[in-house]
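Enquirer: here you go, sequence then predicted model.
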Amino acid sequence: MVYRKALECKRTLKETQITSCALDKESKPTDEALIGIAKSIERSVKDDRFLGVINISKQGADTSIPNMCMLSDGSFCLAQFSDSQIIKIDDNLKLSDTFTTKSNVWGICAISEREIAFTMPKLMKVQFLVFDTNPVLKSSFCTNMHCRGIAYCNDNMYVAGGGFLGEESGQINIFDLKGKLLYRFENYSDGPFVNIPRSVIANTKYIYITDCQNGVICLDLHGKRHWVLKNAKCEYPWGICFTPNANILIAGHKSNNISVVSEDGELLGELLDKNDGISVTEGCQH
């Protein structure tokens, strides 16, 4: 679901009623679950933030969007895990392109105006893709781990992975754009570095990881813990992204919400919750 005006928390919401025309006819939900969500939105969202539901699932199909990213032109790229696809949505929220990947895709991030990178955990691979007239595969590199979350910053690739049963230990690896391993953050003297990392973002000072067992973890660029947030209001954290105000949005998979966290690790409030029509939240993007 797509909202405008990414307000920082629920206490700032306006008290104006949305109208039924907020739902785009072409993206109007067709199955019972999405219709229920739409009704919940119309009852609960009290301002004009809600734009509509983009129905990308096949009838009766299991659709999972573990991550997404936004390009500079305002379009979105969604990682559709179950169908092994990259789905591109234009700035008018219309389906503009799809690309079928060689394996299930999990993490996704923007590299430039038209280029993205995505992870394929089963292949232990990061793949680059350019949206030209048609989507074109570029280079790739092997991560030697079951890679999931991915972020691009400082001309480096930050890749989170491992931790599930039968896999290597949870870890954060930093690569250059050619796939050379620069750093690996895996274990501290007092125990594992991360248990089951889901997503990762980074800026010029810190790396932020969602770990479904340990909460939200902030590290400096050398791997030293800066803070850890574990809170019932942000249960089983999954998706993560920055806001323009330097805060962080966290998708709580089990708490069914989008929480707002400061760059210092303070839980500021909830942006959205199940009363706004969201549930089992995975990816999020500002």
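Expert: Cool, got the structure.

Enquirer: what's the mean pLDDT across the helix or strand Ile174 falls within?
Expert: Applying DSSP states H and E as the criterion places Ile174 in strand 171-176. Taken as a whole, strand 171-176 has an average pLDDT of 96.

Enquirer: now what about it, what contacts it?
Expert: 126, 141, 143, 145, 147, 155-163, 181-186, 193-194, 197, 200, 207, 209, 219, 223 (CB atoms under 8 Å, 6 or more residues apart in numbering). The way it works is simple: take the backbone N, C-alpha and C, and place the C-beta from them, glycine included.

Enquirer: try it again with 7 Å
Expert: 141, 143, 145, 156-162, 181-186, 193-194, 197, 200, 207, 209 (CB atoms under 7 Å, 6 or more residues apart in numbering).

Enquirer: swap in stretch 96-103?
Expert: Under CB under 7 Å, 6+ apart, the answer for stretch 96-103 is 75, 84-90, 120, 122-123, 129, 131, 135.

Enquirer: let's see if you can find the most crowded of those residues.
Expert: Met120 (24 neighbours; other CB atoms under 10 Å).

Enquirer: helices or strands next to the helix or strand just after the strand holding Ile174 in the packing?
Expert: The first helix or strand that comes after strand 171-176 along the chain, using DSSP H and E, is strand 181-185. Applying 3 or more CB pairs under 7 Å, 6 or more residues apart in numbering; DSSP states H and E, we find strand 181-185 packed against strand 171-176.

Enquirer: buried set for the strand it packs on?
Expert: Buried residues in strand 171-176, counted by 16 or more other CB atoms under 10 Å: 171-175.

Enquirer: that older thread, sheet partners, orientation included, of the strand holding Ile174?
Expert: strand 156-161 (antiparallel), strand 181-185 (antiparallel) (DSSP bridges).

Enquirer: need the winner for burial among these.
Expert: strand 156-161 (a mean of 26; mean count of other CB atoms under 10 Å).

Enquirer: mind checking how far that one is from the chain centre?
Expert: 14 Å (CA atoms, centre = their mean, to the nearest Å).

Enquirer: now that strand: mean pLDDT?
Expert: 97.

Enquirer: convert it to PDB, retaining C-alpha atoms only.
Expert: Output in PDB follows, covering the C-alpha atoms of strand 156-161 (Å, rounded to 0.1, in the frame of the first residue of the first chain):
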ATOM      1  CA  ASN A 156      30.400   0.200  -1.200                       C
ATOM      2  CA  MET A 157      27.800  -2.600  -1.000                       C
ATOM      3  CA  TYR A 158      26.600  -3.600   2.500                       C
ATOM      4  CA  VAL A 159      25.200  -7.100   2.400                       C
ATOM      5  CA  ALA A 160      23.500  -8.900   5.300                       C
ATOM      6  CA  GLY A 161      22.900 -12.600   5.400                       C
END
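
Enquirer: where in the chain is the helix or strand with the lowest mean pLDDT?
Expert: helix 32-44 (a mean of 49; mean pLDDT, DSSP states H and E).

Enquirer: next, give phi and psi for Leu177.
Expert: phi -70, psi -10 (degrees, to the nearest 10).

Enquirer: let the chain start at 12 from now.
Expert: Yes, from this point I'll number from 12; that puts the last item at Leu188.

Enquirer: any idea how far Tyr217 is from Val137?
Expert: 22 Å (CB to CB, to the nearest Å).

Enquirer: the two: which is more packed in?
Expert: More crowded of Val137 and Tyr217, by other CB under 10 Å: Val137, with 24 against 15.

Enquirer: check contacts around that one.
Expert: By CB under 7 Å, 6+ apart, the contact list for Val137 reads 128, 130, 151-152, 154, 158, 161, 168, 170.

Enquirer: give me the buried subset of those residues.
Expert: By 16+ other CB under 10 Å, the contacts of Val137 give 128, 130, 151-152, 154, 158, 161, 168, 170 as buried.

Enquirer: and which of these is nearest to Pro77?
Expert: Thr130 (9.7 Å; CB to CB).

Enquirer: am I right that that closest one sits in a strand?
Expert: Yes. Looking at Thr130 with DSSP: H, G, I helix; E, B strand; the rest coil, it is inside a strand.

Enquirer: report the beta-bridge partner residues of it.
Expert: Val137.

Enquirer: which ones are touching it?
Expert: 116-118, 137, 158-159, 161, 170.

Enquirer: go with 8 Å
Expert: 116-119, 136-138, 154, 158-161, 170, 172.
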